[in-house]
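[1] Okay, sequence plus prediction incoming.
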Amino acid sequence: MPDIYIDKTSIIDPGAVIGGGCRIWHFCHIMSEAVIGEQCSLGQNVMVGPGVSLGRNVKVQNNVSIFSGVTVQDNVFLGPGCVFTNVRNPRSEICRHGSFEKTLVKEGATIGANATIRCGVTIGRYGFVGAGSVVTSDVPDYCMVAGVPARPVGWMSRHGCRLEFDCNGLAQCPESGARYKNINGLVSEEQDDF
């Protein structure tokens, strides 16, 4: 596989698909039917379960577990030690492989270190999950959540800067200058001038 780096300590099961330009570091396990998009980076000790899909340019930091049922879109950052679940009521003596719930992490989202994402939720586009949070419900686009359980605490721009909305529901990213509109808790990036 040209232009792909896979450390010799990592295991790639037959049937896994690895996109061009990927970097897979020490002690990773990519299981069968997992699909890793182009230009992804998987840090040390990452597990990607069967059927998991990672989009393009996903950054997965050390010690992350991504279980079956999870779909991660392009340009997502998964912080060190974050974990996804796929069954709400696991029991050792009961097999629930047929009841995995789907979890979706949309484009550009960030999940902080040691966060836990309960199965069946959607993390919106450019959503931001604070370190150590436990996400039990959907996260809207551009929303920043934190805590146990995670609750909305603000809004983030595409560049990862806090957005401060004025009385008209308008904000500007201090880093990029991009403009945003908040209408009844639905945030979108403006394409034209206000």
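    Right, received. Where do you want to start?
[2] Go ahead and confirm Glu107 touches Asp74.
    Yes - the pair Glu107 / Asp74 is scored as a contact, 5.1 Å apart, by Cβ atoms under 8 Å. C-beta: built from backbone N, CA, C; applies to glycine.
[3] who touches both of these two?
    Gly55 (Cβ atoms under 8 Å, 6 or more residues apart in numbering).
[4] how about low-confidence regions in this structure?
    1-2, 192-194 (pLDDT under 70).
[5] all helices of it, in order?
    Secondary structure of the chain by DSSP state H: no helices are present.
[6] Show the contacting residues for Ile4.
    Contacts of Ile4 (Cβ under 8 Å, 6+ apart): 18-24.
[7] for Pro90, what are its contacts?
    Pro90 neighbours (Cβ under 8 Å, 6+ apart): Arg96.
[8] likewise Ser137?
    Here Ser137 is in contact with 121, 149-150 (criterion: Cβ under 8 Å, 6+ apart).
[9] What subset of the residues you listed is buried?
    For the contacts of Ser137, a burial check counting by 16 or more other Cβ atoms under 10 Å picks out 121, 150.
[10] just to revisit the earlier point, dump the contacts of Ile4 to JSON lines, plus neighbour count and distance to Met144.
    Below are the contacts of Ile4 laid out as JSON lines (neighbours: other Cβ atoms under 10 Å; distance: Cβ to Cβ, whole Å):
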{"residue": "Ile18", "neighbour count": "20", "distance to Met144": "32"}
{"residue": "Gly19", "neighbour count": "19", "distance to Met144": "29"}
{"residue": "Gly20", "neighbour count": "13", "distance to Met144": "33"}
{"residue": "Gly21", "neighbour count": "16", "distance to Met144": "30"}
{"residue": "Cys22", "neighbour count": "23", "distance to Met144": "29"}
{"residue": "Arg23", "neighbour count": "15", "distance to Met144": "28"}
{"residue": "Ile24", "neighbour count": "26", "distance to Met144": "30"}
